[in-house]
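Peer 1: Kindly generate the corresponding structure for this input.
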Amino acid sequence: MPKSFSRRTITVFGGTGYLGRRIVHSLAENEFHVRVAVRHPRSDLFQHMGDSVEQIRADVVDANSVACALQNAYGVVNSVSLYCETKTSSFSSVHIDGARNIAAQSIASRAQLVHVSGIGANPDSESRYVAARGAGEEAVCKIAPDTVVLRPSVLFGPDDAFLGSLSTLARLSLFVPLFGNGSTRLQPVHVEDVAEAVVRVLMTSSTRGNTYELGGPYVYTYRELLGDIVKQLGRKRIFLPVPFPIWKLLAAVCELLPSPPLTRDQVILMSDDNVINPGKKSFKELGVYPQPLEKTLARMS
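Peer 2: Residues are numbered from 1 along each chain as shown. Okay, the predicted model is just below:
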C-alpha cells in the first residue's frame, strides 16, 4: 500500500458486529487507523491491535455524535444492521435516518463513504427490513452521490449465524424443515471477502459512485445447501417442505417473544432468491476472488 495511506483514519459504524469486526481487522492490517463508532464500546475487542484501533461512543441516530466520530476521517464505513426491531430501535430509525446522518456528515467532513447494504434491497419490498434497507440506500446515494454501495449476499465464515444455525438444526432433528420446497437460490459469500472488498474500495478513487453486488463463486438452492451440510456431518435427514404461509404464521407467534428466533421479515427474505445480478459490478471489478463455501463446510464435521 502507498505510504500516503498509512496514517489515514477510517471510521467504522457497526464495527463490533459480525461483518464489522472483520472490516476493522482488514483495515488495520492494511495500515489504516480505525475508529470504531459504537453505542456501547467493548473492552474485550481489538485489544491485540494496539493503537491502530480506537473505540468512540456514537449513535447513528444522533447527528452530533456522528459528526464527532467523523472528525478528521479520510473514510467512513456504515456496516450497521438491525435485524429485529426493539422498543428503542426500528428499521427506519437505523437503516434510513441513521444512514442519512452518516451520509450527510460524510459530505460535511469530506470523508469517502462506503455503505453496506444487501442484495435485494428494495424500498417497495413487502419486508419492512428490506424496504428500510432499500430506502436508506436511495437516501444515501442522493445525499452523497460518490458513495460506494456494497450489497453482499448472505454471509458465512467462522462462527457465523447462517451456517451455524443450519448445522445445529441438522445435528439435532431427524426432520429438517424447508422454506417452501427449498428452491430459493442463495449465493453465500465469505465475510472476509466482503471485508477485503471494503479495503479495496477505500484504496482507490475509481470505485466512487459505484454499486457492487458481492456473492460467492457458486449458487445453491436452499435444499442443496442443507443437503451438503447434512452430508458433511455424516447424518441422514428427512427434508420436510413447509409452505410459506405456515412459516409466516409461526413467525408471527415467535415475534411475541422478547428475542424472537424467527420473524416475518426473515420468512419473506427466504422466499426470494438472494443472488447477484449479472449486470452489476462485483468482486471481479475489485480484484477479489471469493472463497468457496466448501472449505468452511469441511470444518463443520
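Peer 1: my guess is residue 17 meets residue 79, correct?
Peer 2: Yes: here residue 17 reaches residue 79: they are 6.4 Å apart, a contact under CB atoms under 8 Å. (C-beta placed from N, C-alpha, C; glycine too.)
Peer 1: Looking at these two, which has the bigger crowd around it?
Peer 2: Neighbour count, other CB atoms under 10 Å: between residue 17 and residue 79, residue 79 has more, with 25 against 17.
Peer 1: OK, contacts around that one?
Peer 2: Listed by CB atoms under 8 Å, 6 or more residues apart in numbering, the contact set of residue 79 reads 12-15, 17, 19-20, 23, 116.
Peer 1: so what's the closest residue to it other than its chain neighbours up against?
Peer 2: Leaving aside its sequence neighbours, residue 79 sits nearest to residue 14 (CB to CB, 6 or more residues apart in numbering; 3.9 Å). Taking CB under 8 Å, 6+ apart, we find residue 14 in contact with 20, 38, 77-81, 116.
Peer 1: cool, and residue 169?
Peer 2: By CB under 8 Å, 6+ apart, the contact list for residue 169 reads residue 176.
Peer 1: I'd like the distance between it and residue 149.
Peer 2: 33 Å (CB to CB, to the nearest Å).
Peer 1: now swap in residue 142 and tell me
Peer 2: Residue 142 is 12 Å from residue 149, by CB to CB.
Peer 1: Is residue 109 in contact with residue 67, as I believe?
Peer 2: Yes: Residue 109 is within contact range of residue 67, at 7.4 Å (criterion: CB under 8 Å).
Peer 1: In the stretch 201-301 of the chain, what residue spans correspond to helices?
Peer 2: 222-233, 244-254, 264-269, 283-286, 293-298 (DSSP state H, counting those that start in this stretch).
Peer 1: Most tightly packed of the ones you listed?
Peer 2: helix 264-269 (a mean of 20; mean count of other CB atoms under 10 Å).
Peer 1: so where do the strands sit in the stretch 51-200 of the chain?
Peer 2: Along the stretch 51-200 of the chain, the segments classed as strands by DSSP state E, counting those that start in this stretch run 53-57, 75-78, 112-116, 148-152, 155-156, 175-179, 185-186, 189-190.
Peer 1: packing partners for the last one?
Peer 2: So that's strand 189-190. strand 155-156 (3 or more CB pairs under 8 Å, 6 or more residues apart in numbering; DSSP states H and E).
Peer 1: Also the second one?
Peer 2: For strand 75-78, the packing partners by 3+ CB pairs under 8 Å, 6+ apart come out as strand 9-13, helix 99-109, strand 112-116, helix 191-202.
Peer 1: give me the number of residues near residue 116?
Peer 2: The burial count assigned to residue 116 is 26, neighbours taken as other CB under 10 Å.
Peer 1: Packed most tightly, which of the helices and strands packed on strand 75-78 would that be?
Peer 2: strand 9-13 (a mean of 26).
Peer 1: Now do that one: everything it contacts.
Peer 2: Under the contact criterion CB under 8 Å, 6+ apart, strand 9-13 has outside partners 20, 23-24, 27, 32-38, 58, 60, 66, 69-70, 72-80, 98, 102, 111, 202.
Peer 1: For the protein, identify the residue most remote from the centre.
Peer 2: residue 236 (31.9 Å; CA atoms, centre = their mean).
Peer 1: Leaving out chain neighbours, which residue sits closest to it?
Peer 2: Nearest to residue 236 is residue 230, by CB to CB, 6+ apart, at 7.4 Å.
Peer 1: Could I get the contacting residues of that neighbour?
Peer 2: Per CB under 8 Å, 6+ apart, neighbours of residue 230: 170, 176, 236-237.
Peer 1: Check those for burial and list the buried ones.
Peer 2: Using 16 or more other CB atoms under 10 Å as the burial test, the contacts of residue 230 include 170, 176, 237 as buried.
Peer 1: Test my guess that the last one contacts residue 173.
Peer 2: Yes: counting by CB under 8 Å, residue 237 does reach residue 173; the two are 7.4 Å apart.
Peer 1: how far away is the closest residue to residue 125 other than its chain neighbours from residue 121?
Peer 2: Closest residue to residue 125 apart from its sequence neighbours, by CB to CB, 6+ apart: residue 131 at 4.5 Å. From residue 131 over to residue 121 the distance is 9 Å, taken as CB to CB.
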